[in-house]
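In: Next comes the sequence, and after it the predicted model I'd like to discuss.
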Amino acid sequence: MSFPRRRKAPKTQNSELHEIDGENEDDDDDKKRNPKTNLRKDKRWSCVDSCCWLIGCICSIWWFLLFLYNAMPASFPQYVTEAITGPLPDPPGVKLLKEGLKVKHPVVFVPGIVTGGLELWEGHQCAEGLFRKRLWGGSFGELYKRPLCWVEHISLDNETGLDPSGIRLRSVSGLVAADYFAPGYFVWAVLIANLARIGYEEKTMYMAAYDWRLSFQNTEVRDQTLSRIKSNIELMVATNGGKKVVVIPHSMGVLYFLHFMKWVEAPAPMGGGGGGLDWCAKHIKAVMNIGAPFLGVPKAVAGLFSIEAKDIAIARAFAPGVLDKDVFGLQTFQHMMRMTRTWDSTMSMIPKGGDTIWGGLDWSPEGDFNCSAKKLKNNDTQTADQSGKGSLGSTKRVNYGRILSFGKDVADIHSFEIKRVDFRQGAVKGNNLINTTKCDAWTEYHEMGIEGVKAVADYKVYTAGSILDLLHYVAPKLMARGDAHFSHGIADNLDDPKYEHHKYWSNPLETKLPNAPDMEIYTMYGVGVPTERAYVYKLTPAAECYIPFQIDASAEGGSENPCLKGGVFSVDGDETVPVLSAGFMCAKGWRGTTRFNPSGIRTYIREYDHAPPANFLEGRGTQSGAHVDIMGNFALIEDVIRVAAGATGEDLGGDQVYSDIYKWSEKINLQL
């Protein structure tokens, strides 16, 4: 039986709309049944949108925070700090202004190594657009943008120690040269601000900026910097009613100004300033040395030998091999070594006085120092310090005299047990360490050969007396220049005409202080901070372009010898300069009338016991004794301001000593 077929009616507009609505209804039902499928169909959000949204939020929040920061009262940060920590003490400038102190003596700041800014005056094509931009100090932006170009312009000529061809880098002038090393990291800024509170301004303050890379005499040869310092001091004295200046050098600036005081006395034909023997007596009231490396620092030896220090050795221990590899196409350590070995000023920091000052294979002045003992504080008397009660006796003596030891066992055993092969007796050089065709940064180690490296390690132990021979062997170009500008010995006869040469002027053991009996000399430094004094080394595995020597970060002294940590022996100091270097000259070498101080200039030791900041709101702390942070130490700043306002060392209370500097100085057998 068949059924009649129903004819389909033609579609009308209404029926089409109804059909679409039906489809939409079906879609709605599908959406309800499969919501995930619906999201995939309708979603139009991409990763680009997400990134843009995130960046927009971050920028909006950042701008809002900047608005709040600029809108809030200037006293708000201090209010928050005081709410957490309690009332803050007045800054030294405010405190002393209330006491009635006013500006009196002009002050001269002498910055140390690396803290002064350097700007570009002429460069190669890769430095296009950097005219008068800071390549050192400030943000260091160019280091990250074009590192090889930066290294090329920061380096000096390896033969002359002066400018490479086509490059002129010069020190920044004015107080801004070294007020901040980098944004937020002060050097002289806090001291300048506190002096300003009692009336000082730029006409009574002068930053004796110089190119700290050059040897001291070459700053005069190239830039006439010593002549400029002399002229500026004379001008400041003349325009301030004849009041003498107070000079405040820091770190290597101490050695630089020591050189200046001899230069200014010396006649012009001998490379001097021609000021005469009484120039310092007429123009200088006091020299207040901060963090003074008078006798050098062992840290300089590690820097020249393997471009290392304690922090780098620790970093290598956490990430073995990373720092030694070719990172981002840069052989980092090799470039650093090549660059720093062109800076002649680094040789001024090599320990002076040999074994007489720093100790030999089996003794050192600080051998009984106990790194784990707490020091007894004594602010107002010298009795405890001179009797050696500044620190508790150690159960194990440390051979600090062994500045470099190849192996922990070599650092500990008695000298007669050490089997040494003298590298100075015809050690072979010349066979390359390995294939160096891929070396971007050629160092002098590539010319030593395997036998030369082995000879250095086979000598086992280096004291201050043999360090110079070692550096002559591993860095002959550096030391060839250095021998013309620096000396590191002890003078037998200071009246010998040879000591009139400028290479002796920055060594306090080979020169006399000026004939200025009314002048005062202060040494002001921090104590209570572990400071590098000696190192345990090892040979590194052979690799392309490698530096063959490395601090052995696995060498630990444990509870028996807590002074040895991470391959570094520590002693009392300010983190960079050991107490022995900072304090010996004022404690003994210059104390009273000696052959190094024939006019009897009064000397004072002002030590500042280190206290780290209690919390992050204190920043770098107001009681820090660390080498650079001490520039913000309120007690030190107060001492400086008092002397600048007319006080003497006796007015400050004489010496202020926490360490064993007197006891250690007495152990040094030096003819005075």
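Out: Cool, the structure landed.
In: Quick check: next helix or strand after the lowest-mean-pLDDT helix or strand in the chain?
Out: Taking mean pLDDT, DSSP states H and E as the measure, the chain has helix 383-386 as its least confident helix or strand, at a mean of 38. For helix 383-386, the following helix or strand on the C-terminal side (DSSP states H and E) is strand 404-406.
In: Check what contacts the helix or strand following that following strand and list those residues.
Out: Once the chain leaves strand 404-406, the next helix or strand it forms, by DSSP H and E, is helix 408-412. For helix 408-412, contacts defined as Cβ atoms under 8 Å, 6 or more residues apart in numbering pick out 399, 402, 405, 418, 460-461, 534, 536, 552, 555, 561, 564, 569. C-beta coordinates here come from the backbone N, C-alpha and C atoms, glycine included.
In: can you redo those as a markdown table with distance to residue 106, secondary structure and pLDDT?
Out: Output for the contacts of helix 408-412, formatted as a markdown table (distance: Cβ to Cβ, whole Å; DSSP: H, G, I helix; E, B strand; the rest coil; pLDDT from 0 to 100):
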| residue | distance to residue 106 | secondary structure | pLDDT |
| --- | --- | --- | --- |
| 399 | 47 | coil | 90 |
| 402 | 46 | coil | 96 |
| 405 | 48 | strand | 95 |
| 418 | 55 | coil | 89 |
| 460 | 53 | coil | 93 |
| 461 | 49 | strand | 95 |
| 534 | 42 | strand | 96 |
| 536 | 48 | strand | 95 |
| 552 | 50 | coil | 91 |
| 555 | 50 | coil | 92 |
| 561 | 49 | coil | 86 |
| 564 | 47 | strand | 93 |
| 569 | 42 | strand | 95 |
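In: Identify, from these, the entry nearest to residue 603.
Out: Set against residue 603, the nearest of the contacts of helix 408-412 by Cβ to Cβ is residue 534 (27.8 Å).
In: Now do the contacts for that closest one.
Out: By Cβ under 8 Å, 6+ apart, the contact set of residue 534 is 298, 398-405, 411, 568-569.
In: want to throw the contacts of helix 408-412 into CSV with distance to residue 424?
Out: Formatted as CSV, the contacts of helix 408-412 follow (distance: Cβ to Cβ, whole Å):
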residue, distance to residue 424
399, 22
402, 18
405, 18
418, 16
460, 13
461, 14
534, 21
536, 22
552, 24
555, 26
561, 31
564, 28
569, 25
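In: May I ask which two of those are separated the most?
Out: Longest distance between any two of the contacts of helix 408-412 is 18.8 Å, between 460 and 561; criterion Cβ to Cβ.
In: gap between the two ends of stretch 454-472?
Out: End-to-end distance of stretch 454-472 (Cα to Cα, to the nearest Å): 16 Å.
In: In that stretch, which of the residues would be classed as buried?
Out: By neighbour count on 16 or more other Cβ atoms under 10 Å, the buried set for stretch 454-472 is 454-457, 459-468, 470-471.
In: do the same with stretch 555-566
Out: For stretch 555-566, burial by neighbour count (16+ other Cβ under 10 Å) applies to 555, 557, 561-566.
In: now swap in stretch 659-672 and tell me
Out: Within stretch 659-672, the residues scored as buried using 16+ other Cβ under 10 Å are 659-665, 668, 670.
In: Torsion angles phi and psi at residue 524?
Out: Main-chain dihedrals, residue 524, degrees, to the nearest 10: phi -120, psi 120.
In: and it, what does it touch?
Out: Listed by Cβ under 8 Å, 6+ apart, the contact set of residue 524 reads 288-292, 606-608, 630, 636, 639.
In: got a list of what residue 258 touches?
Out: Shown in contact with residue 258 (Cβ under 8 Å, 6+ apart): 294, 505-506, 508, 511.
In: If you could redo that for residue 152, that was the one I meant.
Out: Counting by Cβ under 8 Å, 6+ apart, residue 152 makes contact with 124, 126, 164, 167.
In: can you redo the residues you listed as TSV with secondary structure?
Out: Output for the contacts of residue 152, formatted as TSV (DSSP: H, G, I helix; E, B strand; the rest coil):
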residue	secondary structure
124	coil
126	helix
164	coil
167	coil
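In: if we take those residues, which one ends up nearest to residue 218?
Out: Nearest to residue 218 among those: residue 164, at 14.0 Å, using Cβ to Cβ.
In: can you pull out the helices in the stretch 351-500 of the chain?
Out: Under the criterion DSSP state H, counting those that start in this stretch, the stretch 351-500 of the chain contains helices at 354-358, 383-386, 408-412, 449-458, 464-474, 476-482.
In: Distance from the fourth one to the middle of the chain?
Out: On the basis of Cα atoms, centre = their mean, to the nearest Å, helix 449-458 is displaced by 31 Å from the centre of the chain it belongs to.
In: pLDDT of it, averaged?
Out: In this model, helix 449-458 has a mean pLDDT of 86.
In: tilt between it and helix 464-474?
Out: Orientation of helix 449-458 against helix 464-474 (axes from the mean of the first three to the mean of the last three Cα atoms, to 10 degrees) gives an angle of 170 degrees.
In: Report all helices and strands that helix 449-458 contacts.
Out: Contact here means 3 or more Cβ pairs under 8 Å, 6 or more residues apart in numbering; DSSP states H and E; on that basis helix 449-458 packs against helix 464-474, strand 529-539, strand 549-551.
In: likewise the first one?
Out: Packing contacts for helix 354-358, counted by 3+ Cβ pairs under 8 Å, 6+ apart, involve helix 464-474, helix 579-584.
In: Residue 230 contacts residue 275, doesn't it?
Out: Yes. Residue 230 sits in contact with residue 275 when judged by Cβ atoms under 8 Å, with a separation of 6.4 Å.
In: quick one: low-confidence ranges for the chain?
Out: Residue ranges of the chain with pLDDT under 70: 1-49, 51-52, 69-88, 144, 310-331, 373-396, 425-443, 542-545, 617.
In: ok, and what's touching stretch 568-575?
Out: Contacts of stretch 568-575 (Cβ under 8 Å, 6+ apart): 291, 310, 313, 366, 369, 371, 375, 391, 398, 400, 411, 525-536, 551, 563-564, 578-582, 610, 625-627, 630, 659-660.
In: try 7 Å this time
Out: With contacts defined as Cβ atoms under 7 Å, 6 or more residues apart in numbering, stretch 568-575 is touched by 291, 310, 313, 366, 369, 371, 398, 400, 525-535, 551, 563, 578-579, 625-627, 630, 659.
In: quick one on the thing from earlier: what's the ChimeraX line that selects buried ones from the contacts of residue 258?
Out: Buried members of the contacts of residue 258, defined by 16+ other Cβ under 10 Å, are picked up in ChimeraX with:
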select :294,505,506,508,511
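In: ok, which stretches of the stretch 201-350 of the chain are strands?
Out: Here the stretch 201-350 of the chain has its strands, by DSSP state E, counting those that start in this stretch, at 205-207, 245-249, 284-290, 326-327, 330-331.
In: Direction included, what does the second one pair against?
Out: Spelled out, it's strand 245-249. strand 107-110 (parallel), strand 284-290 (parallel) (DSSP bridges).
In: Quick check: buried residues in the helix or strand just after the first one?
Out: As assigned by DSSP H and E, the chain's next helix or strand after strand 107-110 is strand 118-122. When burial is assessed from 16+ other Cβ under 10 Å, strand 118-122 yields the following buried residues: 118-120.
In: Heading C-terminal from strand 118-122, find the next helix or strand.
Out: The C-terminal neighbour of strand 118-122 among helices and strands, as given by DSSP H and E, is strand 134-136.
In: So which residues make contact with that following strand?
Out: By Cβ under 7 Å, 6+ apart, the residues outside strand 134-136 that reach it are 117-120, 142, 150, 153-154, 169, 172.
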